[in-house]
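> One predicted model, sequence on top.
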Amino acid sequence: MRPGRRPSFADDFRRFFFRGLGVLLPSLLTLWILVQAYFFLEARVAEPINRGVRAAVVWATPRMLPRSVHPAWMVVSAEELQQFRTALETGGDPGSRALTRLPDRELAAELRRQELERLWNSNAALRLLGLVVAIVLIYLAGRFLGSLIGRQVYQRLERFIARIPVFKQVYPHVKQLVDLVLGERSMAFKRVVLVEYPRRGIWSLGFVTGGGLRGTDAAAGGEVVTVFVPSTPTPFTGFTISVPAADALEVAISIDEAIRFILTGGVLTPSNVLPPGAAEAAPAGAAAPEQTASLPTGAPPPEGLR
């Protein structure tokens, strides 16, 4: 739009539309991801567990409870059984018609299973039982694998997996990613540093992950640290470099702040770093706050960021 020209309806619509989209889209995407995750867990985790629990209930009820206290779904009269067989015979599903060849006892068990499934699916608390059972089983598995016997069993299982063709090429990488995100040493970064990478004069944000490789201290003439330099906007990928400890300049920000800075391409800056233009807005005579913008070529960052 040219200076001095009154904005048209199209200009206003475009500006406010994208402003509204920028405000609503993150919330809508977050809600959509959470809903899809719930549907996935309900279909792939909760429902198989619920199916197994229902089968166990159908099997155990006549063996553990007297007939006088059987629930309504468990009681099948001869008339109900005949109606169920007739409905299966007239149905168009070949699988349903195949059930009609079952003897009365097995057909009654199938009718009880279907009645329990209808009752189960009509109750929200029962549908969530599968997720609760999955959470409890995962917790118990974690407790077991944390014990001495559990660790030995897990180590033997991993050695067995390492010998399976194809599987052994994929499993180590998946395990490393899961350990990075969910493991006890997740995001095992010690501190945030600035290193001159990929060449002198260009400062890259990185995370110290440990000491250098064996022999690198002697080759470098001093202590060497390993630094992971993540890429934007996917900080799980990047470059692992070894630099002298003196050249890894520590930055006074948290790891979470550094990750947000990398994820957004520098849009979300840490709280102790001023946004562009803030220095010009400061009152005259005020001390200039420290910031990371415009590091001189080949020069170390300001003292406040070390």
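Cool, the structure landed.

> Please make it C-alpha for all contacts and neighbour counts, starting now.
Noted.

> which stretches of the stretch 151-300 of the chain form strands?
Remark: strands assigned in the stretch 151-300 of the chain by DSSP state E, counting those that start in this stretch are 191-196, 203-211, 224-230, 238-244, 249-250.

> closest one to Ala98 among these?
Closest to Ala98 of these is strand 238-244 (CA to CA; 57.5 Å).

> Dump that closest one to CSV, keeping only the CA atoms.
What follows is strand 238-244, C-alpha atoms only, in CSV (Å, rounded to 0.1, in the frame of the first residue of the first chain):
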residue,chain,number,x,y,z
GLY,A,238,22.3,-31.0,13.7
PHE,A,239,26.0,-31.4,14.0
THR,A,240,28.2,-32.8,16.7
ILE,A,241,31.6,-31.1,16.9
SER,A,242,34.6,-31.2,19.3
VAL,A,243,36.1,-27.8,20.2
PRO,A,244,38.6,-26.6,22.8
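
> Show the secondary-structure elements that that strand is packed against.
With contacts taken as 3 or more CA pairs under 8 Å, 6 or more residues apart in numbering; DSSP states H and E, strand 238-244 sits against strand 224-230.

> Next, the angle strand 203-211 makes with the strand it packs on.
130 degrees (axes from the mean of the first three to the mean of the last three CA atoms, to 10 degrees).

> Walk me through which strands strand 224-230 pairs with, and which way each runs.
With DSSP bridges as the test, strand 224-230 is paired with strand 203-211 (antiparallel), strand 238-244 (antiparallel).

> what pLDDT, on average, does the longest one get?
Averaged across strand 203-211, the pLDDT comes to 90.

> again with the last one
Averaged across strand 238-244, pLDDT comes to 91.

> Can you pull out the residues in contact with it?
With contact meaning CA atoms under 8 Å, 6 or more residues apart in numbering, strand 238-244 is reached by 212-213, 220, 222-231.

> quick one: which of those has the most company?
Greatest neighbour count in the contacts of strand 238-244, by other CA atoms under 10 Å, goes to Val227: 28 neighbours.

> Tell me how far the closest residue to it other than its chain neighbours lies from Leu140.
Nearest non-adjacent residue to Val227, counting by CA to CA, 6 or more residues apart in numbering: Val208, 4.4 Å away. Between Val208 and Leu140 the distance, using CA to CA, to the nearest Å, works out to 34 Å.

> who has more neighbours, those two?
The neighbour count for Val208 versus Leu140, taken as other CA under 10 Å, is higher for Val208 (23 against 12).

> OK, contacts around Ser96?
Here Ser96 is in contact with Leu88, Glu89 (CA under 8 Å, 6+ apart).

> Begin at 446, not 1, for the rest of this chat.
Right, with 446 as the first residue, what we last looked at is Ser541.

> That one is in what secondary structure piece?
Taking DSSP states H and E as the definition, Ser541 sits inside helix 539-544.

> Now that helix: average pLDDT?
For helix 539-544, the per-residue pLDDT averages 75.

> after it comes which helix or strand?
Using DSSP H and E, the helix or strand that follows helix 539-544 in sequence is helix 549-566.

> Can you list the helices and strands that that next one packs against?
Against helix 549-566 (3+ CA pairs under 8 Å, 6+ apart) you get helix 492-509, helix 523-535, helix 569-572.

> residues of it that come out buried?
Going by neighbour count (16 or more other CA atoms under 10 Å), the buried part of helix 549-566 is Leu552, Ala553, Ala554, Glu555, Leu556, Arg557, Arg558, Leu561, Glu562, Trp565.

> can I get these in a markdown table with pLDDT?
Formatted as a markdown table, the buried residues of helix 549-566 follow (pLDDT from 0 to 100):
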| residue | pLDDT |
| --- | --- |
| Leu552 | 89 |
| Ala553 | 89 |
| Ala554 | 88 |
| Glu555 | 89 |
| Leu556 | 90 |
| Arg557 | 91 |
| Arg558 | 91 |
| Leu561 | 93 |
| Glu562 | 93 |
| Trp565 | 93 |
